[in-house]
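# output the structure for:
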Amino acid sequence: MTGVAGSSRAPRAEGGPDPAPPGSRPGTPAGRRWSRRPLPGESGPVALFVLWALLPLALLFVHLSGGLSIGSQGRVFTGADVFDVPDQLQYLAWVRDAGEHVLVSNQFDLVPDPRLFLHPLFWLSGLAWRAGVSLQLAYLAWRPIAVAILLIGFVAYVRRLVGPDPRLRAGVLVLALFFATPAWAVWGWSGLGSARMRFGVDVMGLEMFPGAYTSNGLVFGLMPLYLLGVEALLDPARRSPRRSVAWYAVATGLAGTLVAWLHPWQGLTLLLIVAGLVTWMRPWSEPRPWSRLRVLAFPILATVAPFIYYFALSHTHSAWQRVSQPNGYPHLGAWFFVGVIPPLLLILPGLRGRQLGVQERIVRLWPAAALAVYFLLDRSWFYHALAGLSLPLAILALPGLRRAGVPALALVLLVAAFTIPGSALYVKKLHDEAPQHFLPASEASALSALARSRTPGGVLARPPLGTAVPAFSGRSTWVGHPIWTPAYAARSARADALFAGRLAPPAAAALVRESGARFVVADCRASPRLPAALAGVMVSARRFGCATVYRVR
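Numbers count the residues shown, from 1 in each chain. Prediction:
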């Protein structure tokens with residue numbers, strides 16, 4: 001194809017690796033064979049990230065061992081180990097629901113919701129839970145797999161696009177694995193600015209911070225593997241002699257399916273990258289315009305398939321239809337210009353190049369595709385579109401700045417500024433949030449009793465306990481997750497007023513009847529006035545330490 005490296009005789013792409021890096025056989029094109037042994041500059045960043053992945057559980061273990069005091073009867077680890085706890089509890093609820101019914105419904109509302117959603121990983125975790133594995137372990141079992149896939153994908157992509165200098169390769173890997181926009185650290189540590197500004201910078205920082213991807217590492221590791229598969233399909237010199245074109249097409253398609261199914265924002269990004277690549281290659285200028293692009297048919301269709309499923313879900317009478325509507329979240333604010341624009345400016349020197357090969361074009365299209373998804377979506381949490389950008393930013397920034405003549409010491413300081421302060425802030429946030437990862441043993445016992453009870457019905461509880469109800473009791477809750485509970489802010493405020501003892505008996509009875517709950521679960525912070533407020537609707541009360549389960553009419 002015009003201007004694209006299509007064979008072993010094609011000129012070397014500017015900024016790419018040496019034609020024969022360590023691990024390739026003499027006389028074979030670069031990249032044709034993957035070396036299982038780490039190359040110089042790779043072992044340190046990989047080992048550091050493995051240790052980092054263990055950090056959340058290590059911090060939580062310290063807290064569980066007595067670093068914090070919550071109640072007098074101990075605590076129970078929920079299984080949520082990273083940000084954000086409500087999302088983690090939602091996933092735990094999905095694991096339990098998938099284990100019981102395969103298809104998942106929305107249990108963060110008491111309105112009956114059809115079971116429509118199939119999550120492949122949580123279904124497998126649900127099977128493990130049904131087999132006797134604890135819910136927490138069944139959920140967390142994917143962590144080592146996710147970390148391994150993330151590291152394989154990141155290392156393979158850096159190895160493909162960064163030259164043989166081990167110091168440069170190490171710097172790119174460190175930046176890709178621990179990138180944190182400095183604005184996040186500045187506003188996070190100083191506490192300056194408005195609440196809106198701090199919230200926006202915090203969202204941008206967490207979305208772009210790979211150190212928080214240990215739960216979604218599978219997605220972000222498969223993205224570069226998908227893009228390497230696209231290159232191998234278009235450039236025969238990048239294929240292993242032991243692998244057929246069909247093997248690459250199927251493997252790439254399966255990677256695209258999983259990415260789009262598990263994290264649709266990144267699936268859209270992949271599709272836009274491929275669309276931009278095809279446009280850049282200008283196949284219509286060739287005698288047989290689409291002959292070489294046929295190899296991309298299966299990967300593209302496999303990546304599109306989950307979106308057909310999601311489109312169908314959004315047009316059903318279910319919670320999926322409601323959460324698929326435009327949400328009014330802002331795309332732009334001062335937080336965007338201080339948190340996202342500066343890192344993008346660093347890649348400008350790395351965008352230049354002549355005789356760009358397939359992958360060199362792909363890595364330049366990646367940031368543009370992610371920003372397009374970010375700005376074009378007006379529904380869902382479109383901020384997720386920025387996740388995973390650290391990899392192309394690191395690959396474009398450091399080699400580009402080096403070619404521009406930036407001294408090595410300046411590059412070291414740049415990597416330190418874009419990694420250390422943000423990583424330290426993440427550790428602080430995880431430490432401060434640690435209590436939210438546990439339930440007082442009394443509340444956990446109350447939920448376990450509800451799980452064993454044969455009396456049907458939903459639950460009225462206030463957050464954060466309400467968020468844990470579906471996962472640990474198997475019942476629906478009137479107020480739980482901020483996205484999946486209708487009118488969450490209003491319901492949360494009314495539930496808090498009930499349990500804080502601010503509602504008179506008639507108002508309390510009216511709220512219980514309106515909710516449709518069969519059980520009211522009082523957490524350990526509930527007011528002693530609550531039993532009197534519920535007297536008009538209470539059938540029975542059962543205490544579990546400092547928590548109480550009320551059965552109501």
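# contacts only, for the nearest residue to C546 once chain neighbours are set aside.
In space, C546 comes closest to C524 once its chain neighbours are excluded; the distance is 3.8 Å by C-beta to C-beta, 6 or more residues apart in numbering. Bear in mind the C-beta positions are built from the backbone N, C-alpha and C, glycine included. C524 makes contacts with G71, P440, S442, E443, G545, C546, A547, as judged by C-beta atoms under 8 Å, 6 or more residues apart in numbering.
# do the same with I300
If you count contacts by C-beta under 8 Å, 6+ apart, then I300 has G256, L271, V274 around it.
# and what of Y91?
With contact taken as C-beta under 8 Å, 6+ apart, Y91 is in contact with F122, Y139.
# also L192?
Neighbouring residues of L192 by C-beta under 8 Å, 6+ apart: V186.
# dihedrals phi and psi, it?
Torsion angles at L192 (phi, psi; degrees, to the nearest 10) stand at phi -80, psi 160.
# could the contacts of C524 go into JSON lines alongside distance to W129 and secondary structure?
Supplementary listing: these in JSON lines, determined by distance: C-beta to C-beta, whole Å; DSSP: H, G, I helix; E, B strand; the rest coil:
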{"residue": "G71", "distance to W129": "26", "secondary structure": "coil"}
{"residue": "P440", "distance to W129": "23", "secondary structure": "strand"}
{"residue": "S442", "distance to W129": "23", "secondary structure": "helix"}
{"residue": "E443", "distance to W129": "20", "secondary structure": "helix"}
{"residue": "G545", "distance to W129": "26", "secondary structure": "coil"}
{"residue": "C546", "distance to W129": "28", "secondary structure": "coil"}
{"residue": "A547", "distance to W129": "24", "secondary structure": "strand"}
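# hang on, the earlier thing: okay, and the residue nearest to C546 sits in which element?
Element membership for C524, per DSSP states H and E: none, as it lies in no helix or strand.
# against H431, how distant is it?
Separation of C524 from H431 (C-beta to C-beta, to the nearest Å) stands at 22 Å.
# any idea how far I145 is from the residue nearest the centre of the chain?
Centroid check for the chain by C-alpha atoms, centre = their mean gives N216 as the closest residue, at 4.3 Å. Here N216 is placed at a distance of 12 Å from I145 (C-beta to C-beta).
# next: L377.
Per C-beta to C-beta, L377 is found 28 Å from I145.
# more neighbours, the two?
The neighbour comparison of L377 against I145 (other C-beta atoms under 10 Å) goes to L377, with 20 against 13.
# quick check: the more buried one touching Y383?
No: L377 is not in contact with Y383 according to C-beta atoms under 8 Å; the separation is 9.6 Å.
# for the helix or strand that A416 is a member of, the averaged confidence score.
Element membership of A416 [criterion: DSSP H and E] is helix 408-417. On average, the pLDDT along helix 408-417 is 96.
# which helices and strands does it pack with?
The helices and strands touching helix 408-417, judged by 3 or more C-beta pairs under 8 Å, 6 or more residues apart in numbering; DSSP states H and E, are helix 166-178, helix 390-403.
# count residues in the vicinity of V95, would you?
Other residues lying near V95 total 27 when counted by other C-beta under 10 Å.
# now swap in H331 and tell me
For H331, the neighbour count with other C-beta under 10 Å is 12.
# excluding chain neighbours, what is closest to it?
By the measure of C-beta to C-beta, 6+ apart, the closest residue to H331 outside its immediate chain neighbours is F375, 5.8 Å from it.
# would you agree that neighbour falls within a helix?
Yes: when DSSP: H, G, I helix; E, B strand; the rest coil is applied, F375 is found to be in a helix.
# does it touch P330 like I think?
No: when contacts are counted by C-beta under 8 Å, F375 is not listed as touching P330 (11.4 Å).
# compare the two and say which one has the larger neighbour count.
Set F375 next to P330 and count neighbours by other C-beta under 10 Å: F375 wins out with 12 against 9.
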